[in-house]
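K.L.:
sequence first, then the predicted structure:
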Amino acid sequence: MEAVRTEPQAKTAALSFKNVDILFHRNNSASAISQAVKRLDEGGTREQIAAELGVTVGVANANLEIRRGEISVLMGLSGSGKSTLLRAANRLNKVTRGSVEIGNGTAFVDIASCDDETLRDMRRTRVTMVFQQFGLLPWRTVRENVSFGLELRGFTPNARRKIAEEKLELVGLTRWANSYVSELSGGMQQRVGLARAFATDADILLMDEPFSALDPLIRRKLQDELLDLQTRLKKTIVFVSHDIDEALRIGSNIAIMREGRIIQAGPPQEIISSPVDDYVRDFVRHMNPLPLLNAASVMRLLEVCPRWDENTIQLDATGYYGFNPVTATVTDRTGTEVALQYHDTDDISELQVISGCVYCVPVTASLNTVALLRQKSGMPVLISDASQIIGLCDDADMIGAITGVARASKLN
């Protein structure tokens, strides 16, 4: 049975993990795994189930929706289940319970339960994988490696060559087309792996720590190249990493895993500003959050700020400056109006910041921009959304964002 459904999937999901459990037994004992599932439902831990039944809980009750065209990063320590979950997306790992739904035209196919013919078709046309160790064939040229998947699908030699050369140009390896992979550096070999994945024209790319074996400089360069390619190709990418810097740098969304479970999932800004527990907090503790957080993540809403009176909101800790939302003016305690400038982009490189002037930026402005305006002007920064001033940010708000301890309400 193909396990295909045609109801519309919410939020244009390309890939959905729903209540996924993945359990392993050395002898693949169905009885032991069945007992382990029961113990899992009763609240048994990974260690208890392994000790009692010899069953390894790779993933437990994973729920994750990945939208079309985004890079979603699965991350965690070794053994957290991130690669195990990734490999369920093309059934390299068998799902014990739950579903893994992939969009297939107007229908959604459950990879976990579809028949073998459907699975082969999905692997050939919808889902492809980029491995940590490249998985290239040393006896074939770079061009032949890139076109290998097309060969398996029955493409003609001319068609294979044309597509391979297009993808090699995309990753900057045209002049290496006739070389053998042993003649390439590690970074170049990984580009070949990317070109091979792109050659299949699959919508979903599964990337299992593809850059972890490379030195830091090459790794960062390939991250940049992946982001550049993604702006052009708009693939749906599921990317496994154990490096929080890498995850926050490339991920549209991040799911942090521990002992087979997804502990927290959300945008990078949310992970940094609102870690759900000490495990997540430890991951982000040494990150520089300024380029990743935005004004919406750290501002205080005007409605929770102290007031001088019914109409005037106190802007600073000393209570010397106030803002009137009705007239959109800033004054000091003497009644003197203070300059207020609106800046509607995140680029302030050409802006001559004036000391003593209050600046207003949109909710999408980076915390780095807010911090620079605060430091150079010496004044709190107002935050707007849809041309309406709704919040403010000062030193305490920024310190709260960096330490993960918010001072007051944030924009939802």
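P.N.:
All right, it came through fine.
K.L.:
and for residue 344, the neighbour number?
P.N.:
11 (other Cβ atoms under 10 Å). Heads up, the C-betas are built off the backbone N, CA and C, glycines and all.
K.L.:
what residues are up against the nearest residue to it once chain neighbours are set aside?
P.N.:
Nearest non-adjacent residue to residue 344, counting by Cβ to Cβ, 6 or more residues apart in numbering: residue 362, 6.0 Å away. Counting by Cβ atoms under 8 Å, 6 or more residues apart in numbering, residue 362 makes contact with 295, 344, 383-385.
K.L.:
hmm, 7 Å instead?
P.N.:
344, 384-385 (Cβ atoms under 7 Å, 6 or more residues apart in numbering).
K.L.:
what's opposite it in the beta bridge?
P.N.:
residue 384 (DSSP bridges).
K.L.:
could you grab the helix/strand/coil label for the residue of the chain most remote from its centre?
P.N.:
Taking Cα atoms, centre = their mean, the residue of the chain most remote from its mean C-alpha position is residue 334, at 49.0 Å. Recorded secondary structure, residue 334: coil (DSSP: H, G, I helix; E, B strand; the rest coil).
K.L.:
ok, so what distance separates it from residue 312?
P.N.:
Per Cβ to Cβ, to the nearest Å, residue 334 is found 13 Å from residue 312.
K.L.:
next one: residue 151
P.N.:
72 Å.
K.L.:
so those two - more neighbours on which side?
P.N.:
residue 312 (18 against 14).
K.L.:
in contact with the more buried one, which residues?
P.N.:
Neighbours of residue 312 in contact, by Cβ under 7 Å, 6+ apart: 322-324.
K.L.:
what about residue 285, how many residues nearby?
P.N.:
By other Cβ under 10 Å, the burial measure for residue 285, its neighbour count, is 12.
K.L.:
for residue 314, that is, sorry about that
P.N.:
18.
K.L.:
for it, what are its contacts?
P.N.:
Residue 314 neighbours (Cβ under 7 Å, 6+ apart): 305-308, 322.
K.L.:
can we see that at 10 Å?
P.N.:
305-308, 320-323, 380, 392 (Cβ atoms under 10 Å, 6 or more residues apart in numbering).
K.L.:
of all these, which comes closest to residue 144?
P.N.:
Distances from residue 144 to these, taken as Cβ to Cβ, are shortest for residue 392 (60.0 Å).
K.L.:
using the three-state scheme, assign the closest one.
P.N.:
Going by three-state DSSP: residue 392 is strand.
K.L.:
hmm, it is touching residue 322, no?
P.N.:
No: the criterion here is Cβ atoms under 10 Å, and residue 392 misses it with residue 322 at 11.2 Å.
K.L.:
list residues touching both of the two?
P.N.:
Common neighbours of residue 392 and residue 322 (Cβ under 10 Å, 6+ apart) are 313-316.
K.L.:
could you tell me which of the residues you listed count as buried?
P.N.:
Neighbour counting by 16 or more other Cβ atoms under 10 Å classes 313-315 among the shared contacts of residue 392 and residue 322 as buried.
K.L.:
quick check, nearest of the residues you listed to residue 212?
P.N.:
residue 315 (46.6 Å).
K.L.:
leaving aside the residues next to it on the chain, what's closest to that closest one?
P.N.:
residue 321 is the one closest to residue 315 (Cβ to Cβ, 6+ apart), at 4.2 Å.
K.L.:
how much space separates that neighbour from residue 339?
P.N.:
Distance from residue 321 to residue 339, by Cβ to Cβ: 12 Å.
K.L.:
let me see the contact set for residue 60.
P.N.:
19-23, 37, 40-41, 44-46, 49, 81, 96-98, 257, 259-262.
K.L.:
go again with 8 Å.
P.N.:
21, 40, 46, 81, 259-261.
K.L.:
out of those, grab the one that's most surrounded.
P.N.:
Neighbour max across the contacts of residue 60 (other Cβ under 10 Å) = residue 260, 25 neighbours.
K.L.:
so what pLDDT did that one get?
P.N.:
The model reports residue 260 with a pLDDT of 93.
K.L.:
what's the separation between the residue nearest to residue 333 when sequence neighbours are not counted and residue 382?
P.N.:
Computed as Cβ to Cβ, 6+ apart, the closest residue to residue 333 that is not its neighbour in sequence is residue 320, at 5.4 Å. Computed as Cβ to Cβ, the residue 320 to residue 382 distance reads 16 Å.
K.L.:
of those two, give the one with the bigger neighbour count.
P.N.:
More neighbours surround residue 382 than the other of residue 320 and residue 382, with 27 against 13 (other Cβ under 10 Å).
K.L.:
out of the shared contacts of residue 392 and residue 322, which one sits closest to residue 116?
P.N.:
residue 313 (64.7 Å).
K.L.:
circling back: any shared contact partners between residue 321 and residue 339?
P.N.:
With Cβ under 8 Å, 6+ apart, residue 321 and residue 339 have common neighbours 330, 358.
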